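Q: quick one, fold the following:
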Amino acid sequence: MSRSLLIAVAILLVVVGVFAMSSLFIVDQTEEALVLQFGQPRRVIRSPGLQVKRPFIENVIFYENRLLDFEPPPEEVIVSDQKRLVVDTYTRYRIADPLLFYQTVSTEAAVRARLNAMVSGSLRRVLGNVTLSALLSHQRSAIMGQIRDEVSEQGKSFGINVVDVRIRRADLPEENSQAIYARMVSERQQQAAQYRGEGAEAAQTVRANADRERTVILAEAQRDAQRVRGEGDAQSIKTYADAFGQDKEFFTFYRSMQAYRDALNGHSTSFVLTPDSGFFRYFENLDGVAAKPGSPGASGGSR
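A: Numbers count the residues shown, from 1 in each chain. Take a look at the predicted model:
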């Protein structure tokens, strides 16, 4: 084969390859394709596989057919009870009509800007009619469903299907949080002071009752002690009187011995008595009767 023929075959193969690359394309199973001719949409290809288009005349735009996520920045809204909230949301959507999508927004960046406006508007409308307590209660799912339905209805005009809109967080602004925290601290301090005051009052009441009961118990005890002591003294006096009545001389002697024991128990006890004092009469004789002068056992002084 001549060289010129080889060159011609090579050129032909290159031309065929270029035409093949320009006319063949593959649609992935996660994508949908929109074929355009000079910028005008011609057909939508939804099934995956190898597809054919006119070379140099038609071009292809691919769109995801999977769920797409959109997370707008947190924004501040006011609920019906005039409380300001910083709400963080996320949205999941799918491109349902590639042709309508191309004709209205064309790109995913453009539809995200539209979604941001739609979600923000619906969020403000719905939350403006509910209270903070409702948003934090079991009604939250119904509120998110209402926002999703509104955004989904608006998204149909752009060829998208909004599957879900979720409120991830709903917090108070930082300045409000600090003010609420300070108010909570103040309320807790007031409550603690109230509890301390009530506790001190209860403690004072308990102490007063205890002191009163103590006084009553001591008074009753002293009364009973005085009664028992009086009864004991009476019994003692009666016993002494009975004993004295049985043997007067022995009783006198016994009491004198007790008097001697109590009076003479010190080491330096001094007495100033007359020699004929009756206190020491048992020192002279066992009868306790003073001896007559001149009789045996008579003494002229004290002992």
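Q: so how far is residue 125 from residue 115?
A: In this view, residue 115 and residue 125 are 16 Å apart by CB to CB, to the nearest Å. All C-beta atoms are positioned from the backbone trio N, CA, C, and that covers glycine.
Q: which of the two has more neighbours?
A: Remark: of residue 115 and residue 125, residue 115 carries more neighbours, 24 against 13, as counted by other CB atoms under 10 Å.
Q: I figured the more buried one hits residue 92, correct?
A: No. Residue 115 lies out of contact with residue 92 (CB atoms under 8 Å); the separation is 10.5 Å.
Q: which residues do those two both contact?
A: Shared contacts of residue 115 and residue 92 (CB atoms under 8 Å, 6 or more residues apart in numbering): 70, 162.
Q: and residue 172, how far is that from residue 59?
A: Applying CB to CB, the value for residue 172 to residue 59 is 51 Å.
Q: ok, now residue 119?
A: Look at residue 119 and residue 59: by CB to CB, they are 32 Å apart.
Q: okay, these two: which has more neighbours?
A: The neighbour comparison of residue 119 against residue 59 (other CB under 10 Å) goes to residue 119, with 25 against 15.
Q: measure the more buried one to residue 162 for me?
A: Going from residue 119 to residue 162 by CB to CB gives 9 Å.
Q: what's the overlap in contacts for the two?
A: Joint contacts of residue 119 and residue 162 (CB under 8 Å, 6+ apart) are 91, 151.
Q: tell me which element the nearest residue to residue 31 once chain neighbours are set aside falls in.
A: For residue 31, ignoring the flanking residues on the chain, the nearest one in space by CB to CB, 6 or more residues apart in numbering is residue 62 at 4.8 Å. Assigned by DSSP states H and E, residue 62 falls within strand 58-64.
Q: ok, then the element right after that strand?
A: Using DSSP H and E, the first helix or strand after strand 58-64 is strand 68-70.
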